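Novice: Turn this into a model:
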Amino acid sequence: MSSQLPSGFAERIRILKSILDEVYPRTFNEWVNSFEVDGNPEQELLIWECITLTYSTFVENRPLAMAAKKEVMNVLLQCSMGMTDEDIQSNRKVLHEAAVQSLLTLLRIPRPFGHPVHAHSATQSTVIRPLIP
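Specialist: Just a heads-up that it's a prediction; the model follows:
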């Protein structure tokens, strides 16, 4: 690992890689390289940690087929890129609409990072998508 990245990055990358490998397979070096070229690697790693936590929380106690797990990851990536709920819902193929909405509600990125759609004051986080009224 390059000295460009802060101390502790390697272990944090290993953790997210171990969780996401089944749906987002990348080598350790690919992960490291993507953070090294990022303008703010700490912020980017925090976002990936939020995606990873949301993914693992969502799939943990659900008997999902691999196709559904991959769609969960795609939803999280689309959400992190600022896609609208409507676009995300229209792209789904395996997950039910309610499952996607639940997933969108779960994803939170700590302030000041992420897309500032909805500030959730109780958790000091930013909900990428607005909560369902």
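
Novice: Distance of Leu103 relative to Thr84?
Specialist: The gap separating Leu103 from Thr84 is 15 Å, by Cβ to Cβ, to the nearest Å. Glycine gets a C-beta too; all of them are placed from N, C-alpha and C.

Novice: Which residue of the two possesses the greater neighbour count?
Specialist: Comparing Leu103 with Thr84 by neighbour count (other Cβ atoms under 10 Å), the higher total belongs to Leu103, at 22 against 11.

Novice: if I pick the spatially most central residue of the chain, what's in contact with it?
Specialist: Taking Cα atoms, centre = their mean, the centroid of the chain lies closest to Ile51, which sits 1.9 Å from it. Ile51 makes contacts with 20, 76-77, 80, 107, as judged by Cβ atoms under 8 Å, 6 or more residues apart in numbering.

Novice: Tell me the confidence at it?
Specialist: Looking at Ile51, its pLDDT stands at 93.

Novice: Okay, buried residues for the longest helix anywhere in the chain please.
Specialist: Secondary structure assigned by DSSP state H gives helix 41-59 as the longest helix of the chain. In terms of neighbour count (16 or more other Cβ atoms under 10 Å), helix 41-59 has its buried residues at 41, 45-52, 54-55, 58-59.

Novice: repeat for stretch 84-94
Specialist: Taking 16+ other Cβ under 10 Å as the basis for neighbour counts, the residues of stretch 84-94 that come out buried are 85, 88, 94.

Novice: Now, the residues you listed that are in strands?
Specialist: Where the buried residues of stretch 84-94 are compared with strands, as defined by DSSP state E, there is no overlap at all.

Novice: can you redo these as a markdown table with distance to Leu64 and pLDDT?
Specialist: Rendered in a markdown table, the data for the buried residues of stretch 84-94 read as follows (distance: Cβ to Cβ, whole Å; pLDDT from 0 to 100):
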| residue | distance to Leu64 | pLDDT |
| --- | --- | --- |
| Asp85 | 21 | 83 |
| Ile88 | 17 | 89 |
| Val94 | 9 | 94 |
